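Trainee: what follows is a protein structure lacking sequence information:
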């Protein structure tokens, strides 16, 4: 598995940031390669499961996500076991009205996307994507 970790400080209360992130339908608005979220269904833990369409290195992937952990205003853990096996951990921490959002991702690059030689390039693209998602979240919350 490949790992990515990034954080950003957002000048907004944790409740506002978490509320936005706790609606899967909002994700394509801040995530450039996430093309669609559909079939959103609530789970007993307060989170959701949903189907998604994502584009990596020009290739379209469809998959299913399930929030295996959902702690209001603190943490969302999103597990994908389909076309791009991955785990997304979103951590929310507030101090004096400023929310730090940390995104940790563990994922496997699908064999259809890359050879061993291209893996570092794909990883760099995905690191950039994670930074962009956090920056877009910040702009959305502070704008």
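Mentor: The structure has been received and is ready for your questions. Because the structure is predicted, anything quoted here is derived from the model rather than measured.
Trainee: please make it C-alpha for all contacts and neighbour counts, starting now.
Mentor: Fine.
Trainee: which parts of the helix ranked longest in the chain are buried?
Mentor: In the chain, assigned by DSSP state H, the helix with the most residues is helix 119-142. Within helix 119-142, the residues that count as buried by 16 or more other Cα atoms under 10 Å are 119, 122-123, 126-127, 130-131, 133-138.
Trainee: what's the closest of the residues you listed to residue 36?
Mentor: Proximity of the buried residues of helix 119-142 to residue 36 was ranked by Cα to Cα; the top entry is residue 133 with 14.8 Å.
Trainee: relative to residue 91, how far out is the closest one?
Mentor: Between residue 133 and residue 91 the computed distance is 14 Å (Cα to Cα, to the nearest Å).
Trainee: what packs against the longest helix of the chain?
Mentor: strand 2-10, helix 27-30 (3 or more Cα pairs under 8 Å, 6 or more residues apart in numbering; DSSP states H and E).
Trainee: residue 81 is nearest to which of those?
Mentor: It's strand 2-10; of those, that one is closest to residue 81 (Cα to Cα) at 14.7 Å.
Trainee: could you pull up the mean pLDDT of the closest one?
Mentor: In this model, strand 2-10 has an average pLDDT of 95.
Trainee: so what touches that strand?
Mentor: For strand 2-10, contacts defined as Cα atoms under 8 Å, 6 or more residues apart in numbering pick out 98-109, 123, 127, 130-131, 134-135, 138, 141-142.
Trainee: again, only this time at 6 Å
Mentor: With Cα atoms under 6 Å, 6 or more residues apart in numbering as the test, strand 2-10 has contacts from 98, 99, 100, 101, 102, 103, 104, 105, 106, 107, 138.
Trainee: if any of the residues you listed are buried, give me the PyMOL selection for them.
Mentor: Typed into PyMOL, the next command selects the buried ones out of the contacts of strand 2-10 (criterion: 16+ other Cα under 10 Å):
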select buried, resi 99+100+101+102+103+104+105+107+138
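Trainee: any chance of JSON lines for the helices and strands packed on helix 119-142, columns distance to residue 56?
Mentor: Output for those, formatted as JSON lines (distance: least, Cα to Cα, whole Å):
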{"stretch": "strand 2-10", "distance to residue 56": "15"}
{"stretch": "helix 27-30", "distance to residue 56": "14"}
